[in-house]
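Visitor: The sequence and its predicted three-dimensional model are supplied below.
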Amino acid sequence: GWSTRTTTKKKKIIPLGLISNNWGGTPIELWQPGGTLYNAMIYPYMVGPMSLTGFAWYQGEANARGTEATAYATKFPNMITSWRNGFQNPKAYFGFIQLSTWCPDNDDPKNNPQGPLAVPELRQSQMAAYLSLEKIGYATNADHGAQCNIHPPNKQYCGKRLGQSALALQYQQDDVLWKSPTYAGTATTTTTTSSSAISRLGSSSSSSSSS
């Protein structure tokens, strides 16, 4: 959050105040309407409501297991929309950090059948918000991870990236480049190799090895 604020301040936009609401190791369900952390740490600011410009979000590890990683693609955009509506600011900026590198519990096939694939699955689910809602910024952090450390120490890089997205999306700084690399699309292709081609390849390999 501090790195995100500092990035916008350097551009001499306006001074920004930060409200830091954090609780480590929590799933997204607790931050949705009706969740205990939503009731205690989000909803009180909606009374009035308090005037906010946007939100910075770094969460997801607690949902990177089993079917939760897939369900996140629905829960995350719904949470963002509910927060915006609660603050009566339906187009408030919302920026999130994609999960960094870490090692989930791969020895629990019952609760985490996806194993290490749960992390990229959760990242993909996070992007559902960017693809379906307006004024959503994101920043990748996979290149500054700390192997299996769930709390990579060098968060200034992803914080700066998220700040750049705020400059572009919230403050219309069109010269700011902020998007991390993403796939343009995916496609499935099928390659057919004839048996005669395989036979010729085998003959060539055999001839080469005998010389």
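Guide: Structure's in. What do you need? The structure displayed is predicted, hence computed values, not measured ones. Numbering: from 1, shown residues only.
Visitor: need the contact list for the residue nearest to the spatial centre of the chain.
Guide: By Cα atoms, centre = their mean, the chain has its centre lying nearest to Gln98, at 2.6 Å. Residues near Gln98 by Cβ atoms under 8 Å, 6 or more residues apart in numbering: 123, 126-127, 138-142, 180. Bear in mind the C-beta positions are built from the backbone N, C-alpha and C, glycine included.
Visitor: So Gln126 lies in a strand, does it not?
Guide: No - per DSSP: H, G, I helix; E, B strand; the rest coil, Gln126 lies outside any strand segment and is helix.
Visitor: Show me what counts as buried in stretch 29-39.
Guide: Going by neighbour count (16 or more other Cβ atoms under 10 Å), the buried part of stretch 29-39 is 29-32, 35, 37-38.
Visitor: quick one: which of those residues sit in helices?
Guide: Leu37 (DSSP state H).
Visitor: Pipe the buried residues of stretch 29-39 into JSON lines and attach distance to Ile80 and pLDDT per row.
Guide: Shown next, in JSON lines, are those (distance: Cβ to Cβ, whole Å; pLDDT from 0 to 100):
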{"residue": "Glu29", "distance to Ile80": "14", "pLDDT": "97"}
{"residue": "Leu30", "distance to Ile80": "15", "pLDDT": "98"}
{"residue": "Trp31", "distance to Ile80": "10", "pLDDT": "98"}
{"residue": "Gln32", "distance to Ile80": "10", "pLDDT": "97"}
{"residue": "Gly35", "distance to Ile80": "14", "pLDDT": "97"}
{"residue": "Leu37", "distance to Ile80": "15", "pLDDT": "97"}
{"residue": "Tyr38", "distance to Ile80": "13", "pLDDT": "97"}
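Visitor: Apart from its chain neighbours, what residue comes closest to Gln173?
Guide: Nearest non-adjacent residue to Gln173, counting by Cβ to Cβ, 6 or more residues apart in numbering: Leu167, 4.2 Å away.
Visitor: Does the one you found lie in a helix or a strand, and which?
Guide: Using DSSP states H and E, Leu167 maps to helix 156-169.
Visitor: from the chain's centre, how far out does that helix sit?
Guide: Distance, stretch centre to chain centre, for helix 156-169: 13 Å (Cα atoms, centre = their mean, to the nearest Å).
Visitor: outside of the longest helix along the chain, which residues touch it?
Guide: Longest helix of the chain, by residue count under DSSP H: helix 68-86. Residues from elsewhere that reach helix 68-86, judged by Cβ under 8 Å, 6+ apart: 27-29, 31-33, 42-43, 46, 49, 55, 60, 63, 90-92, 94, 114, 118, 121-122, 124-126, 128-129, 132-133, 136.
Visitor: could you pull out the strands for the chain?
Guide: 54-57, 93-97, 136-139 (DSSP state E).
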